[in-house]
Structures are given as structure tokens and as C-alpha cells.
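**Student:** Build me a model from this:
(one chain, ligands or ions: 1)
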Amino acid sequence: MRIDVVSIFPAYLDALDLSLAGRAREKGLLQIATHDLRDFTHDRHRTVDDTPYGGGAGMVMKPEPWGEALDTVATDDSVVVVPTPSGTPFRQSLAHDLSRERHLVFACGRYEGIDQRVIDHARERWRVEEVSLGDFVLNGGEVAALAVIEAVVRLVPGFMGNPASLAEESHGEDGLLEYPVYTKPATWRGHTVPDVLLSGHHGAIAAWRHEQALQRTRERRPDLLGDASETSS
Ligand SMILES: N#Cc1c(N)n[nH]c1-c1ccc2c(Cl)cn(Cc3cccnc3)c2c1
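**Tutor:** Okay, here's the model as predicted:
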């Protein structure tokens, strides 16, 4: 998989050199490149924004630099991912879908957003996914891109050292939240580990973990239970 990210703050994406994405690069499973949108401007001030038509607060990102950036970076089989407050809430199902693509291009905007004609024109040439991280306010698309990239890259076949660990994840196949996890020492500041986890009884451990996941989901995310009702014990 190849990922290209266009932003006026490309250094924001340096975090991708760490951890999983860095290892994927070493394994040759992933190529990631970042691009400074200002490199696609031609004026002395490298201008990327202007006042909004129709008035209103803030500035809007100009279409010309984005047009040249996407012309340069995207190819016929690219999927253009555009983080936006008005996007579809990003879910694990889209992460799985995107992990099967050959080339993702992230268009990370700032200010009040990117001129709508950029997205409309992109839809004429590529698959475009407009995504939001959720119902809270960010200042731009870079944080959303980091989150989406991490969620996607870890699903790329051959990427995770232990694919089995992908099976038991929150918002995973069973639709439940993750159960609580513990490690040594057995007692820490007066807090002990549930006895069942020290019992070596795998059936009892699995049952306890499922019950804990169900209880957490009931308490914190009852909206998920519609998907998991058939798994309730
Ligand atoms: N907020 C949020 C949000 C989220 N929850 N996920 N992604 C975003 C996001 C993505 C892209 C941009 C671009 Cl471009 C500009 N802003 C700042 C902004 C915030 C509110 C209203 N207008 C503009 C972005 C926010």
C-alpha cells in the first residue's frame, strides 16, 4: 500500500515514522510520503487561503493549490480521503475497506475548510471518502488523518506480527467493547488480579472476558448491542 498526505503542516505526520507504520515501511508493506500544499502555490507568499464567498468568519482553502497537488499525487486507482467536520463518522468497517486499497491520498485541510469545488472535481476522477473522527471540534484534518492511517495500516495483510490479536478488538467482529486486561504483578498497590485469570481454566477465562465485555458495552455503548445481541450469554 502507498499513502500520500497533503497538508500545510506535513511535519504533523512525522509521528507515522514511529511504531507500526515505521515497521511496515521497513517490511516493505507500506510507502508513506507527505507533501506541503504550499509547494503547489506560485505566488511569493505561497498563499493557500482566501476570504469566503458569501461572507462569514475565517478563511477558505483556495482550489488551485489543491487541484495541482491532487493532479501530482493521485493516480487512477487512488482513493482520496478527505477529513472534514461534515464527513461520515469514521468506523472500523471503512478501515477494513480502505486497508484493501493500493493507494490512499489524504487531503488535510485547515481554516474553515477546502473549497467545495476541489471535492466535487475529485469525485469526477477518483473515489472520494469524506470522513469525520466524530462529534467534536478539531482545527484541521491532520489528527484525523493520523487516526485513520493507523486504523487502516494495522489491517493491511502481513502488517501485524500476530493477526490473531486483530480478532479480539473493541468494535471488532463481535461488536462488543474490549474486556479489561491485566499483567504482572498479581497485586499492585492493594489491587489484585481477578482470580479467574490466574486459574488457568481457559473456558472460565473466556466466559469471564465475554461477560466483562458485555457488561462494559451495556454501560458505555448500549448503541452497539443491537449488533451483538446474538452473542449475549
Ligand atoms: N471538527 C472537526 C473534525 C472532526 N471531528 N474530524 N475531522 C475534523 C476536521 C477535518 C478537517 C478540517 C478542516 Cl479542512 C478544517 N477543520 C476545522 C474546522 C472545524 C469545525 C468547523 N469547520 C472547520 C477541520 C476539522
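
**Student:** helices or strands up against the longest helix anywhere in the chain?
**Tutor:** The residue-count maximum for a helix in the chain (DSSP state H) belongs to helix 202-220. If you count contacts as 3 or more CB pairs under 8 Å, 6 or more residues apart in numbering; DSSP states H and E, helix 202-220 packs onto helix 195-198, helix 225-228. For glycine as for every other residue, the C-beta is placed from the backbone atoms N, C-alpha and C.

**Student:** Least confident of these, on average?
**Tutor:** Mean pLDDT values for the helices and strands packed on helix 202-220 show the minimum at helix 225-228, a mean of 67.

**Student:** re the thing from before, tell me which of the helices and strands packed on helix 202-220 lies nearest to the ligand.
**Tutor:** The ligand lies closest, by CB to the nearest ligand atom, to one member of the helices and strands packed on helix 202-220: helix 225-228, at 23.0 Å.

**Student:** How about the contacts made by the residue in the chain that the ligand sits nearest to?
**Tutor:** Nearest to the ligand, among the residues of the chain, is Gly109, at 2.4 Å (CB to the nearest ligand atom). If you count contacts by CB atoms under 8 Å, 6 or more residues apart in numbering, Gly109 has them with Met61, Val82, Pro83, Thr84, Gly140, Gly141.

**Student:** Check the last one and give its pLDDT.
**Tutor:** Put plainly, it is Gly141. Listed pLDDT for Gly141 reads 98.

**Student:** Start the count at 33 instead of 1 going forward.
**Tutor:** Got it, the first residue is 33 from now on, which makes the last one we talked about Gly173.

**Student:** which ones are touching the most centrally placed residue in the chain?
**Tutor:** Against the mean C-alpha coordinate of the chain, by CA atoms, centre = their mean, the closest residue is Val180 at 1.3 Å. When contacts are counted by CB under 8 Å, 6+ apart, Val180 touches Val113, Pro115, Phe122, Ala127, Leu130, Phe138, Val163, Leu165.

**Student:** List the ones among the residues you listed that fall in strands.
**Tutor:** For the contacts of Val180, the ones inside strands are Val113, Pro115, Phe138, Val163, with DSSP state E as the criterion.

**Student:** So which of those reach the ligand?
**Tutor:** Near the ligand, judged by CB under 6 Å from any ligand atom, the entries from the ones in strands among the contacts of Val180 are Pro115.

**Student:** picking that back up, put together a markdown table for the contacts of Gly141, with neighbour count on each row.
**Tutor:** Shown next, in a markdown table, are those (neighbours: other CB atoms under 10 Å):
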| residue | neighbour count |
| --- | --- |
| Met93 | 22 |
| Val114 | 24 |
| Pro115 | 26 |
| Thr116 | 16 |
| Gly172 | 18 |
| Gly173 | 30 |
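
**Student:** what's the farthest-apart pair in the residues you listed?
**Tutor:** Met93 and Pro115 (12.7 Å; CB to CB).

**Student:** and the closest residue to Arg241 other than its chain neighbours, how many neighbours?
**Tutor:** Of all residues not flanking Arg241 in the chain, Tyr211 sits nearest, at 4.1 Å (CB to CB, 6 or more residues apart in numbering). Neighbour count for Tyr211, taken as other CB atoms under 10 Å: 18.

**Student:** do the same with His67
**Tutor:** 18.

**Student:** Just the pLDDT for it.
**Tutor:** In this model, His67 is scored at 98, pLDDT.

**Student:** give me the element it is part of.
**Tutor:** Assigning secondary structure by DSSP states H and E places His67 in strand 63-68.
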